[in-house]
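Engineer: Only the shape, not the letters, is given here:
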């Protein structure tokens, strides 16, 4: 049966939300078991009797905390992240999930599990909400300086993930740029455009707003720009929420209005709440690696675990390798 | 008296909203006159008697349209943009405003009016809304590939604009990056960080969300990232608006709620409506150049004209030159 290696200690709020998310996931999907890596004393009392046969605890005392340096991760061989990664490397588990130090997870996954043949650099992908569907954006932080070849690989990996895990038959792939015309772009994206233009599904340059209007399924950029885009989107959503709240306080009538509209706001929260989507997959390593937000609540962790399960049950990595090979001379 | 050269023909909706914006501006500020460049037959009938002594029409028949190439702008010597720019170059007007082809305005301004001594490349600055105030971001489109020295000049120009035109005594300057720590950044921003770290008011790296949370006054980035940031912000605001509307249709109760909340939504629109801020100044050319959005309504044009007036009445360009010189060895 499919086995997930879970870093049960990482995350800003300790093991409780991680384990609660795990229980939610176990309840809704009977087709996997888990090795939870962490402090047995803390974890064992949390586990309900009915899940005991589906959760194995692998005891360890060390946790890489958010303030630690990612470069130390390789030396911290008794940490929950390191041990969970080793389980995957040794084939004792088929996928890795962590809400801990994301830089540490990335380094450990890349260096210990290793890259898929043909991948120069793994990339972090994330789903951004639109009115009707989501848009996959990669890279959103793993690689700050990218060349055109890196961007081409991201496009291929994003394409396969959209097909195999998100279930989009023919995903539309766009290159994030400062205008739609082929002549737009910086030096790197102009070169990447040439590498991508013969790839089926490539629709050309897309702009920042296209991420949110449903016109494209996979958006490719370097990790520096991906991070700025992500934080900008969060900042705008936050600010709009604050402006609504601030204006609300000004009148009783509008407070009444807000009460009547609470369903609308709930719907809004659902769609702009990035936690809904669980974690971000690190694409390009030899096994599924899902990096959840440090602040993940139980629902986000559940969804991160589901992503790991869906990825491990798919042919994602086989198809990434074969597509990289297929398009290598584009 | 201060004279503004207005390209009265550029803009997606012809001269009407441009001229209406001009009348609004003339009514509220008595301290300037205008040379409106464009087709006399179209413009003259629009002008109310009471403004006739403050508006001089300079007749021309050609307009650079949005679909034209910016590189042709220099050859179109009978176009409204070209003639208006020449008025500034010859000292017959002190500032230029256009809602026309922004690439053409930039080329004409840079090549005909010329750069301030010490400026390698002019930059477009724009105001982004936060809950309480606005944040000036530059460059948002003039320069796609920038080096560290370009970013340093943008920081100095943004600093002076914030002081002299926006009236912020000691603006906080940030460098847009993928994290706040000094170690974050791509190759170019890391080098720019070193050039900026001894500049007074420089607060270090800032992230995408900081643009919207009021923690910084001037944010520096290259024009490729600035464009993506701007379009992302617009895309998120649009999407949230659409999700609210979509959810509203689902129930009569929430429609009633929305009616009661209309003041809130009006306040929201005011703050996220970029047209409110008028145009974007092109900083680094020898005279104030304000580039308004092609879709500008009368109010946006009024504000663009006010920006031109405020810039021309300030010591903006003198101070840009002296600050570039003062900080040249940082």
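Structural biologist: Sure, I can see it. Because the structure is a prediction, the values reported are computed rather than measured.
Engineer: contacts, neighbours, all on C-alpha from now
Structural biologist: Noted.
Engineer: quick one, what contacts residue A:108?
Structural biologist: Residue A:108 is in contact with A:73-74, A:81-82, A:85, counting by CA atoms under 8 Å, 6 or more residues apart in numbering or on different chains.
Engineer: ok, now residue A:330?
Structural biologist: Taking CA under 8 Å, 6+ apart as the test, what residue A:330 contacts is A:195-196, A:198-199.
Engineer: Spell out which parts of the stretch 51-200 of chain A neighbour chain B.
Structural biologist: A:130-131, A:141, A:144-145, A:176-178, A:185-187 (CA under 8 Å from any CA of the partner chain).
Engineer: Of those - the most surrounded one?
Structural biologist: Highest neighbour count within those, by other CA atoms under 10 Å in any protein chain shown: residue A:176, with 29 neighbours.
Engineer: How about the contacts made by that residue?
Structural biologist: A:205-208, A:219-221, B:228 are the contacts of residue A:176 under CA under 8 Å, 6+ apart.
Engineer: what do you get for residue A:143?
Structural biologist: Contacts here follow CA under 8 Å, 6+ apart; on that basis residue A:143 touches A:121, A:123, A:222-224.
Engineer: which of those are buried?
Structural biologist: With burial judged by 16 or more other CA atoms under 10 Å in any protein chain shown, the buried subset of the contacts of residue A:143 is A:121, A:123, A:222-224.
Engineer: for those, which one is nearest residue A:278?
Structural biologist: The closest of the buried ones among the contacts of residue A:143 to residue A:278 turns out to be residue A:123 (CA to CA; 16.8 Å).
Engineer: hang on, the earlier thing: top of the contacts of residue A:108 by number of neighbours, please.
Structural biologist: Result: residue A:81 is most packed of these (other CA under 10 Å), 33 neighbours.
Engineer: shouldn't that residue be in contact with residue A:64?
Structural biologist: Yes: with contact defined as CA atoms under 8 Å, residue A:81 counts as touching residue A:64 (7.3 Å).
Engineer: any common contacting residues for the two?
Structural biologist: Joint contacts of residue A:81 and residue A:64 (CA under 8 Å, 6+ apart) are A:10, A:100, A:104.
Engineer: List the ones among these that fall in helices.
Structural biologist: residue A:104 (DSSP state H).
Engineer: just curious, which of the shared contacts of residue A:81 and residue A:64 is nearest to chain B?
Structural biologist: residue A:104 (15.7 Å; CA to the nearest CA).
Engineer: show me the residues around the residue lying closest to that closest one once chain neighbours are set aside that make contact.
Structural biologist: The shortest distance from residue A:104 to any non-neighbouring residue, by CA to CA, 6 or more residues apart in numbering or on different chains, is to residue A:70 (4.5 Å). Contact partners of residue A:70, counting by CA under 8 Å, 6+ apart, are A:101, A:103-104, A:107.
Engineer: so residue A:81 is in which element?
Structural biologist: Remark: residue A:81 resides in helix A:80-89, with elements defined by DSSP states H and E.
Engineer: who touches the next helix or strand along the chain from that helix?
Structural biologist: Downstream of helix A:80-89, the next assigned helix or strand under DSSP H and E is strand A:95-98. Under the contact criterion CA under 8 Å, 6+ apart, strand A:95-98 has outside partners A:3-8, A:10-11, A:81, A:84-85, A:88, A:105, A:287-292, A:304-305, A:308-309, A:312.
Engineer: next one: stretch A:309-325
Structural biologist: Residues contacting stretch A:309-325 (CA under 8 Å, 6+ apart): A:2, A:4, A:32, A:94-95, A:116-119, A:153, A:156-157, A:160-161, A:164-165, A:284, A:286-288.
Engineer: taking the residues you listed one by one, which sit in helices?
Structural biologist: Counted as lying in helices by DSSP H, out of the contacts of stretch A:309-325, are A:153, A:156-157, A:160-161, A:164.
Engineer: what's the burial count for residue A:156?
Structural biologist: 23.
Engineer: what do you get for the one 4 residues further on?
Structural biologist: Residue A:160: 26 surrounding residues under other CA under 10 Å.
Engineer: same check, this time on the one 4 residues further on
Structural biologist: With neighbours defined by other CA under 10 Å, the count for residue A:164 comes to 20.
Engineer: How are the helices of chain A distributed by residue range?
Structural biologist: Using DSSP H, helices in chain A cover A:15-28, A:40-43, A:80-89, A:102-108, A:148-164, A:187-196, A:223-248, A:252-260, A:262-272, A:298-313, A:316-326.
Engineer: so the last one versus helix A:148-164, what angle?
Structural biologist: When axes from the mean of the first three to the mean of the last three CA atoms, to 10 degrees is applied, the directions of helix A:316-326 and helix A:148-164 differ by 140 degrees.
Engineer: circling back: export the contacts of residue A:330 to TSV and tack on distance to residue A:213, pLDDT and neighbour count?
Structural biologist: Formatted as TSV, the contacts of residue A:330 follow (distance: CA to CA, whole Å; pLDDT from 0 to 100; neighbours: other CA atoms under 10 Å in any protein chain shown):
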residue	distance to residue A:213	pLDDT	neighbour count
A:195	26	96	19
A:196	22	96	25
A:198	25	91	11
A:199	23	93	15
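Engineer: Can you say which two of these are spatially most distant?
Structural biologist: Once CA to CA is applied, the contacts of residue A:330 give A:195 and A:199 as the farthest pair, at 8.1 Å.
Engineer: Would you mind naming the residues that bridge with the residue positioned nearest the centre of chain A?
Structural biologist: Centroid-nearest residue in chain A: residue A:280, 0.4 Å away (criterion: CA atoms, centre = their mean). In this entry, residue A:280 is beta-bridged to residue A:291, by DSSP bridges.
Engineer: How about the contacts made by it?
Structural biologist: So, once contact is read as CA under 8 Å, 6+ apart, residue A:280 ends up touching A:124-127, A:290-292, A:304.
Engineer: Which members of the contacts of residue A:176 occur in strands, if any?
Structural biologist: A:205-206, A:219-220 (DSSP state E).
Engineer: Using PyMOL, define a selection of the buried residues within those.
Structural biologist: The following PyMOL line selects those of the ones in strands among the contacts of residue A:176 that are buried, judged by 16+ other CA under 10 Å:
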select buried, chain A and resi 205+206+219+220
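Engineer: List just the nearest of the ones in strands among the contacts of residue A:176 to chain B.
Structural biologist: Checking those one by one against chain B (CA to the nearest CA), the nearest turns out to be residue A:206, at 9.7 Å.
Engineer: Please tell me I have it right and that closest one contacts residue A:175.
Structural biologist: Yes: counting by CA under 8 Å, residue A:206 touches residue A:175, with 5.7 Å between them.
Engineer: For these two, list the residues in contact with both.
Structural biologist: Joint contacts of residue A:206 and residue A:175 (CA under 8 Å, 6+ apart) are residue A:219.
Engineer: So residue A:149 sits against residue A:192, correct?
Structural biologist: Yes: if you go by CA under 8 Å, residue A:149 and residue A:192 touch, sitting 6.7 Å apart.
Engineer: before we move on, back to that, closest to residue B:36 among the contacts of residue A:280?
Structural biologist: residue A:127 (48.5 Å).
Engineer: separation between that closest one and chain B?
Structural biologist: Here residue A:127 is placed at a distance of 14 Å from chain B (CA to the nearest CA, to the nearest Å).
Engineer: Point out where the stretch 201-330 of chain A drops to low pLDDT.
Structural biologist: Applying pLDDT under 70 to the stretch 201-330 of chain A flags the ranges A:247-254, A:260-277.
Engineer: Contacts only, for residue A:150.
Structural biologist: Residue A:150 neighbours (CA under 8 Å, 6+ apart): A:120-121.
Engineer: what separates it from residue A:218, distance-wise?
Structural biologist: 15 Å (CA to CA, to the nearest Å).
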